[in-house]
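Undergrad: Kindly return the folded structure for what I paste below:
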Amino acid sequence: APEGEPGRMLLRWRVRGEAKGASEITVVQPDGKEVRVKTNEEGVAGPFTQSGRYAVWARYWENVAGEHEGKAYEQVRHYGMLVVDSYAKPVEPTRLPEATSSFGAALEGGKIYVYGGHIARTHRYDRNSVSGAFHRYDVARGEWEKLPGREGLQGMNLVAHEGRIYRVGGMKPVNEPEAKQDIRSVATGEWFDPKLREGHGLPALPAPRSSHDLAVVGEKLYVLGGWNLKGPEPTEWAKTMYVLDLKEPGKGWREEKQGFERRALMAAVHGGKIYVVGGITPAGAVSRDVDIYDPASGEWKKGPALPGPEILSFAPAALSHAEELLVSLGDGTLVKLDEKEGRWVETGKTKARLAHRMVGVDRKVFVLGGAVKGNNLDTVEVVELR
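TA: This is a model prediction of the structure:
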C-alpha cells in the first residue's frame, strides 16, 4: 500500500494484515530504473521521490504442504503487485499581484509577464470588473515588478517573440456598475518593449475579437478562434484566423481559413505546428477537440481529443515546453501528448481552475491564476516535469 505524502511516497508491505519487515521489494521507478529495497521492522520502505508511475512487487513464501490437482506441494508462494502514480506536491513560490482569470501571460527573458483579466465574481461585468494592471515576475529573484498599466481588458492572451510581448484583441464591459451589461470586443493590438518599458501600437484587426488565443510561427503572428461581442447586437463567431507578418506589420492583417468555430480555447506552437485545444462551440457545447494547423502546408487536421469529461476542456491552459505539449484541464489534471501513441497521458496535478495560464521555465511549469466556483485566484503553482 502507498503511504506518505506527495513527492515522498512510502510503501508498506503486509501479509494478511501483518507487517513484513526485512522483506525485499522490487520497485520500477518512473525513470525506468529497477531497484530492490528492504522493508524496516514495520514493513515500510522508502521514501520514493521521483514523480510519475511506479511498478512494485513483493513476495511471501509459506512452507505449507498440501496437494493440488493430484500433485503434492510443500510451499505456497504469494506475490503482491502494485502500480501507482506519485507526483510531487506543487509548490507556491509566489502569488499574483491580484486575483484574476481570463488574462494574458507570457515568458520573456526569464521573467513572467501578467496582464489584465477579469477581477470580479464570475459573470459580473462592468467597467470595474476588468483589470489593466501589468506586472512581471523575475523567476530567479522571486520578485514582482509593476509595469505601466494598459487598457483594462480580459478574454485575451500574450505571446512573446524576439524580445517583445504582443497583445491583440480582448474584451471590456463599457457599462457602469448596476447598469445593464454592455460588453464589447476590441480590435486594438500592441507590442511591449521590456527593456524600455514602452508600448507600441499594432495595426487594428479587421474586426474586433476576444476569447481567442495567439501564436507565433516564424515571423507570423496568428489570432485563432474567439468571437466579436457587440453589446446589444448579435455576437459574431470567428470563422477565419487573422495573420500578421511581424517583419512587415504595415501591410496589415490577412484572413486565412480556420478549421473550427470555438472560443475559450488555448493554442500552443509545438514542432512547428499550432495546436488549438478545447473551448466552446456556437451551440454552447464544450469541445474536447484538438485542431492542428501546419503553416508550411496551410492545412488543418484533427489531433487526439482531450481526455476526461467535456466540461474539463472549457478554458484550459496550453503550453509547449521542454519538448512536451502540455494542457491543464479544469479539474487540475496536467496532461501531455504522447505523439507516438496518439493520446494524452497524465503527468501532474494542481488545484482545479478555469481560464488560467501556464508558462514554462527550465523543467518547471508555472500554473497561474484562473477561476473556480465564481472566485478568481491569485494562486501560482509550480509543477516539476520529470
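Undergrad: Next secondary structure after the strand or helix carrying Glu67?
TA: In this assignment (DSSP states H and E), Glu67 forms part of strand 66-68. Next helix or strand after strand 66-68 toward the C-terminus (DSSP H and E): strand 71-73.
Undergrad: for that following strand, packing partners?
TA: Contacts defined by 3 or more Cβ pairs under 8 Å, 6 or more residues apart in numbering; DSSP states H and E place strand 71-73 against strand 66-68. C-beta: built from backbone N, CA, C; applies to glycine.
Undergrad: which ones are touching Gln181?
TA: For Gln181, the contact set (Cβ atoms under 8 Å, 6 or more residues apart in numbering) comprises Tyr125, Asp126, Pro173, Asn175.
Undergrad: What is the burial count for the first one?
TA: In other words, Tyr125. 21 (other Cβ atoms under 10 Å).
Undergrad: From here on, call the first residue 145.
TA: All set: I'll call the first residue 145, so the last point we hit is now Tyr269.
Undergrad: export stretch 265-280 as CSV, just CAs?
TA: Below are the C-alpha coordinates for stretch 265-280, written out as CSV (Å, rounded to 0.1, in the frame of the first residue of the first chain):
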residue,chain,number,x,y,z
ARG,A,265,-17.2,37.5,-9.5
THR,A,266,-17.8,35.2,-12.5
HIS,A,267,-20.4,36.5,-14.9
ARG,A,268,-20.4,40.0,-13.3
TYR,A,269,-19.4,42.6,-15.8
ASP,A,270,-19.0,46.4,-15.6
ARG,A,271,-16.2,49.0,-16.0
ASN,A,272,-14.7,47.9,-12.7
SER,A,273,-14.7,44.2,-13.4
VAL,A,274,-11.6,44.1,-15.7
SER,A,275,-8.1,45.0,-14.9
GLY,A,276,-5.4,46.9,-16.8
ALA,A,277,-2.6,46.0,-14.4
PHE,A,278,0.6,44.9,-15.9
HIS,A,279,3.3,43.1,-13.9
ARG,A,280,6.4,40.9,-14.4
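Undergrad: hang on, the earlier thing: which of the contacts of Gln325 tops the neighbour count?
TA: In terms of neighbours by other Cβ under 10 Å, these top out with Pro317 at 24 neighbours.
Undergrad: what sits up against the helix or strand containing Gly224?
TA: Secondary structure from DSSP H and E places Gly224 in strand 220-230. Residues outside strand 220-230 that contact it (Cβ under 8 Å, 6+ apart) are 145-146, 150-151, 153, 155, 157, 159, 192, 194-206, 208, 210, 490.
Undergrad: Drop anything exposed from the residues you listed.
TA: Among the contacts of strand 220-230, those that count as buried by neighbour count (16 or more other Cβ atoms under 10 Å) are 151, 153, 155, 157, 192, 194-198, 200, 202, 204, 490.
Undergrad: Which stretches in the stretch 345-494 of the chain count as strands?
TA: For the stretch 345-494 of the chain, the strands defined by DSSP state E, counting those that start in this stretch occupy 357-361, 364-368, 371-374, 377-381, 384-389, 398-401, 410-414, 417-421, 434-438, 443-446, 461-465, 468-472, 477-482, 487-493.
Undergrad: any chance of those in JSON lines, plus distance to Pro237?
TA: Output for those, formatted as JSON lines (distance: least, Cβ to Cβ, whole Å):
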{"stretch": "strand 357-361", "distance to Pro237": "26"}
{"stretch": "strand 364-368", "distance to Pro237": "31"}
{"stretch": "strand 371-374", "distance to Pro237": "35"}
{"stretch": "strand 377-381", "distance to Pro237": "39"}
{"stretch": "strand 384-389", "distance to Pro237": "35"}
{"stretch": "strand 398-401", "distance to Pro237": "40"}
{"stretch": "strand 410-414", "distance to Pro237": "23"}
{"stretch": "strand 417-421", "distance to Pro237": "26"}
{"stretch": "strand 434-438", "distance to Pro237": "30"}
{"stretch": "strand 443-446", "distance to Pro237": "37"}
{"stretch": "strand 461-465", "distance to Pro237": "17"}
{"stretch": "strand 468-472", "distance to Pro237": "17"}
{"stretch": "strand 477-482", "distance to Pro237": "17"}
{"stretch": "strand 487-493", "distance to Pro237": "16"}
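Undergrad: what comes up buried for the strand holding Gly224?
TA: Result for strand 220-230 [16+ other Cβ under 10 Å]: buried residues Ser230.
Undergrad: Compute the inter-axis angle for that strand and strand 487-493.
TA: 80 degrees (axes from the mean of the first three to the mean of the last three Cα atoms, to 10 degrees).
Undergrad: I appreciate the help and will end here.
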